[in-house]
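A.B. asks: pasting the structure only:
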């Protein structure tokens, strides 16, 4: 959904400008969107066919980096989903736009803080089991 | 084995310990009790030389453990092989692509030869054999805790530091873990605020109050009174 909205926003704004300048925009619209579709499909295909952990297993450091990034992303994703559910369970009436911005702001700050703390602890845990750089 | 002399420590800008002293013998099993924020986890990190004191000395087997001592690779290997820490936040300990690699991480880093045997042995001990190929961060909370415990125990340290090791385990797994712990012939220091299992974690009990001060250190079976637990905030009186 986000991809569609993003693609449409970029394409339509670009096409509007070209339209005002009396330049052909249909070719551009088709080319850019076909390219986006190609890239998305290739990425999905890559994700399905290639085990990303195995792909980077030639380098110990890269492998760690990938695992840490993926695990952090998934942990934060899970935390965000739970945050939204907790918010819904404690909200009786629909929050105003300002309240939503406030919740989002504190969520982003919270996740950033959590991420920094956990990265530090990750490194401590690695050191504790003999990892040294 | 361990000697902490007049340790003062600030952690994340807060004074955690002020002139704390503690002595740990090689065959002791210690239960570390205290409420949230009393400094249990920090004390374990200090014993594992992950954090260092501002003042005071940490001595392990007659070696003064400092940052510069551990910068020497040989010293670092010696200390890490002998002292293992299982973190409270098990997510922090899981950063490998599979459970197998996670358990093998410590032995690999520390240069053990029998890595495969160690992994299989500790995976069997914690009933993780069927999960060896799974990515650790996809596991349930209890399974993650088992992987974290197996990962530290695979190093076979002389001192095992455990921070709330049963917090995510179900009653059956907790009982199994307590059996494993009591069968180990090594020094263990286990932090908990769970009074139900505290007597089984160690004969010697050290209680920290909310300011990180030791208010009791002795035999847990008949040593401390209920007043001590109330003082530590571990037992609450309600009217």
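C.D. replies: Perfect, I can see it now. Treat the numbers as computed from the prediction; the structure is a model and nothing was measured. Residues are numbered from 1 along each chain as shown, chains lettered A, B, ... in the order given.
A.B. asks: can you give me the buried ones in stretch A:112-126?
C.D. replies: A:118, A:121-126 (16 or more other Cβ atoms under 10 Å in any protein chain shown). Bear in mind the C-beta positions are built from the backbone N, C-alpha and C, glycine included.
A.B. asks: dump the residues you listed to CSV, plus distance to chain B and secondary structure.
C.D. replies: Formatted as CSV, the buried residues of stretch A:112-126 follow (distance: Cβ to the nearest Cβ, whole Å; DSSP: H, G, I helix; E, B strand; the rest coil):
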residue, distance to chain B, secondary structure
A:118, 6, helix
A:121, 4, helix
A:122, 5, helix
A:123, 9, helix
A:124, 5, helix
A:125, 4, helix
A:126, 7, helix
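A.B. asks: element containing residue B:133?
C.D. replies: Assigned by DSSP states H and E, residue B:133 belongs to neither a helix nor a strand.
A.B. asks: and it, how many neighbours?
C.D. replies: 10 (other Cβ atoms under 10 Å in any protein chain shown).
A.B. asks: surely it touches residue B:101?
C.D. replies: No - under the criterion of Cβ atoms under 8 Å, residue B:133 makes no contact with residue B:101, lying 9.9 Å away.
A.B. asks: and the helix or strand bottoming out on mean pLDDT in chain A, how far from the chain's centre?
C.D. replies: Using mean pLDDT, DSSP states H and E, the weakest-scoring helix or strand in chain A turns out to be helix A:52-55, at a mean of 72. Averaged C-alpha coordinates place helix A:52-55 at 20 Å from its chain's average position (Cα atoms, centre = their mean, to the nearest Å).
A.B. asks: which residue packs closest to residue B:182, ignoring adjacent ones?
C.D. replies: Counting by Cβ to Cβ, 6 or more residues apart in numbering or on different chains, residue B:182 lies nearest to residue B:200, which is 7.1 Å off, once chain neighbours are set aside.
A.B. asks: for the helix or strand containing the one you found, what is the average pLDDT?
C.D. replies: Here residue B:200, judged by DSSP H and E, is contained in helix B:198-201. The pLDDT scores in helix B:198-201 average 87.
A.B. asks: in a markdown table, list the buried residues of stretch A:112-126 along with pLDDT.
C.D. replies: Formatted as a markdown table, the buried residues of stretch A:112-126 follow (pLDDT from 0 to 100):
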| residue | pLDDT |
| --- | --- |
| A:118 | 83 |
| A:121 | 86 |
| A:122 | 85 |
| A:123 | 85 |
| A:124 | 89 |
| A:125 | 90 |
| A:126 | 87 |
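A.B. asks: many thanks, have a good one.
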